[in-house]
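>>> Coordinates for the following, if possible.
(chains A, B and C)
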Amino acid sequence: MGSGFFEQVYSIVEDIPEGRVASYSQIARILEQPRNARVVGWAMRQSPPEKEFPAHRVVKQNGDTAPGFLEQRTLLENERVAFDHKGRVRMEDYQWER
DNA sequence: TCCGTGGCGGCGT
DNA sequence: GACGCCGCCACGG
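Numbers count the residues shown, from 1 in each chain, chains lettered A, B, ... in the order given. The predicted structure follows:
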């Protein structure tokens, strides 16, 4: 538990329960840095292995999964998170409320 | 110290 | 809606 931005991001993401998702900008807002969504995304890229860290529960604000991370969708579906016909998470139903 | 690099998002077309 | 631009900023080399 350091004081770096990444560490703070990780501690928030670890609190997202199974079957819920949060957006990059949501995490940034929680850390009181609403313009830092992109850095949150970068933090996910550097994050610990899926096995011990739920990086897959972080999606875009509109429910899209980031390009090039197809496996993320499967992991979420395994937690019973449903996607719409455009391949987006229905945020109204699954967004985590902290 | 400076600089390139992003798993975004908001706005205009 | 769907694109395309571009501002944002922590990190590591």
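>>> what's around A:Phe69, how many residues?
The tally of other residues near A:Phe69 (other Cβ atoms under 10 Å) stands at 14. Any C-beta I mention is one placed from the backbone N, CA and C, and that applies to glycine too.
>>> so it sits in a strand?
No - with DSSP: H, G, I helix; E, B strand; the rest coil as the criterion, A:Phe69 is located in coil rather than a strand.
>>> Next, give phi and psi for it.
phi -130, psi 60 (degrees, to the nearest 10).
>>> quick one: it and DNA strand B, what's the gap?
Going from A:Phe69 to DNA strand B by Cβ to the nearest atom of the strand, to the nearest Å gives 5 Å.
>>> What backbone torsions are found at A:Ala22?
phi -130, psi 160.
>>> Beta-bridge partners for it, please?
Bridge pairing for A:Ala22 (DSSP bridges) gives the partners A:Val58.
>>> give me the number of residues near it?
24.
>>> With A:Glu18 instead?
11.
>>> how about the residues of chain A near DNA strand C?
Contact residues, chain A versus DNA strand C (Cβ under 7 Å from any atom of the strand): A:4-7, A:33, A:35-36, A:38-39, A:42, A:86.
>>> Can you say which of those are buried?
Neighbour-count burial (16 or more other Cβ atoms under 10 Å) applied to these gives A:5, A:36, A:39.
>>> Confirm the last one sits in a strand?
So the one you mean is A:Val39. No - read with three-state DSSP, A:Val39 is helix and lies in no strand.
>>> Not counting residues beside it along the chain, what's closest to it?
A:Phe5 (6.4 Å; Cβ to Cβ, 6 or more residues apart in numbering).
>>> repeat for A:Val9
A:Val9 sits nearest to A:Ala43 (Cβ to Cβ, 6+ apart), 4.3 Å away.
>>> residues contacting that neighbour?
When contacts are counted by Cβ atoms under 8 Å, 6 or more residues apart in numbering, A:Ala43 touches A:5-6, A:9-10.
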